[in-house]
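Trainee: Here is my input, please return the structure:
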Amino acid sequence: MTAPRHFLDIDALSAGQLRALLHMGAAAKKAWRQPGAQTRLDGAILAMVFEKPSMRTRVSFEVAMHELGGGTIVLKDEEIGLGRREPLSDTARVLSRYVDAIMVRANAHSTVVDLAAHAGVPVINGLTDRSHPCQVMADLMTLAERKGDVSGCVVAWCGDCNNVATSWVHAAGRLGFEFRIAAPKSYGPDAQLMAWVEENGAAVHVVDEARDAVAGADCVVTDTWVSMGDKDGAQRRADLQPFQVNEELMARAGGDAIFLHCLPAHRGEEVSAAVIDGPQSAVFDEAENRLHAQKAILQWCLGENQTS
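Mentor: Numbers count the residues shown, from 1 in each chain. You can find the predicted model right below:
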């Protein structure tokens, strides 16, 4: 029996696989709503497991499966109790008897890894505390639409080096673009991530000042300062205020730089309204591209003509 093809992290894929996925996402977008133009997954069922809720993740995956001819089942945390009601290995084995793939939006990265280790079907990382590869595939697709080949780009991240930033780091290492991180020292990348940067020769640079990170950048990215489960919101807002992406900061980026944010956004905190609602913002193209990137991921995991 062929081992399932999981989509757990960008660093687990080769540059060729990532480029193939981006090409598939672009093709899915071009073929959107054109009958017969897309690879079909007729009859396939995706189980979507949510320890953390998300409008974009749920809707994009659900619409993607529907438009590819498949279906979805949503399992909320109170219904499945990952790792609490039964061992994760049992959950993985049972779900594998019912569905064709499992998408998990989990609290701990180990949950997704453990499910994949015991599942007989592909497991997709919809978000963990370590990474958010589905989001960054959509981000890369958006960047490629605006800039062409991402390899020569400079991308600046302002704020907490969180799970989304980690997936950006992995993408930079695989696809050869420069990624600059501006964050307070206590919010910067951890030693494990920086060890990965060193081992993989990634062009990742950490600076203390947002203005240094964005200078001449092709793309400026940020994320919310206070995520679900954070108990120290007031402190985080105070610490990260100097890293707000506003008009003054964007003016230091390249003249045709774009702004990205995975949403939900808090105008007046991590980004000013003038930036996120302004002409350089690509956040709603980025949000739409979750649908197309996720079609590519589903086809890559489940399609018969898989690219190695």
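Trainee: and residue 159, what does it touch?
Mentor: For residue 159, the contacting residues are 182, 183, 187, 222, 223, 225, 240, 243, 270, by CB atoms under 8 Å, 6 or more residues apart in numbering. Every C-beta, even on glycine, is put in place using the N, C-alpha and C of the backbone.
Trainee: Which of the residues you listed fall within helices?
Mentor: residue 240 (DSSP state H).
Trainee: ranking the contacts of residue 159 by neighbours, who comes first?
Mentor: residue 222 (29 neighbours; other CB atoms under 10 Å).
Trainee: shouldn't that one be in contact with residue 156?
Mentor: No: with contacts counted by CB atoms under 8 Å, residue 222 stays clear of residue 156, the gap being 9.2 Å.
Trainee: for the nearest residue to residue 97 once chain neighbours are set aside, helix, strand, or coil?
Mentor: Once flanking residues are discounted, residue 97 sits nearest to residue 120: 7.8 Å by CB to CB, 6 or more residues apart in numbering. Reducing the assignment at residue 120 to three states with DSSP: H, G, I helix; E, B strand; the rest coil gives coil.
Trainee: What residues does residue 50 make contact with?
Mentor: Contacts of residue 50 (CB under 8 Å, 6+ apart): 57, 58, 74, 75, 76, 77, 105, 126.
Trainee: Please, which helix or strand holds the first one?
Mentor: Following DSSP states H and E, one finds residue 57 within helix 55-67.
Trainee: Tell me how far residue 218 lies from residue 63.
Mentor: As for residue 218, its distance to residue 63 is 30 Å (criterion: CB to CB, to the nearest Å).
Trainee: actually residue 257, not the one I typed
Mentor: 30 Å.
Trainee: neighbour-wise, which of the two wins?
Mentor: A direct count of neighbours by other CB under 10 Å for residue 257 and residue 63 places residue 257 higher, at 22 against 15.
Trainee: wait, residue 8 sits on residue 114?
Mentor: No: using CB under 8 Å, residue 8 makes no contact with residue 114, being 11.0 Å away.
Trainee: Would you indicate which residues of the worst-scoring helix or strand of the chain on mean pLDDT are buried?
Mentor: In the chain, no helix or strand scores lower on mean pLDDT, DSSP states H and E than helix 77-80, which sits at a mean of 93. Neighbour counts over helix 77-80 (16 or more other CB atoms under 10 Å) mark 77, 80 as buried.
Trainee: which helices and strands sit right next to it?
Mentor: The contact analysis (3 or more CB pairs under 8 Å, 6 or more residues apart in numbering; DSSP states H and E) places helix 77-80 against no helix or strand.
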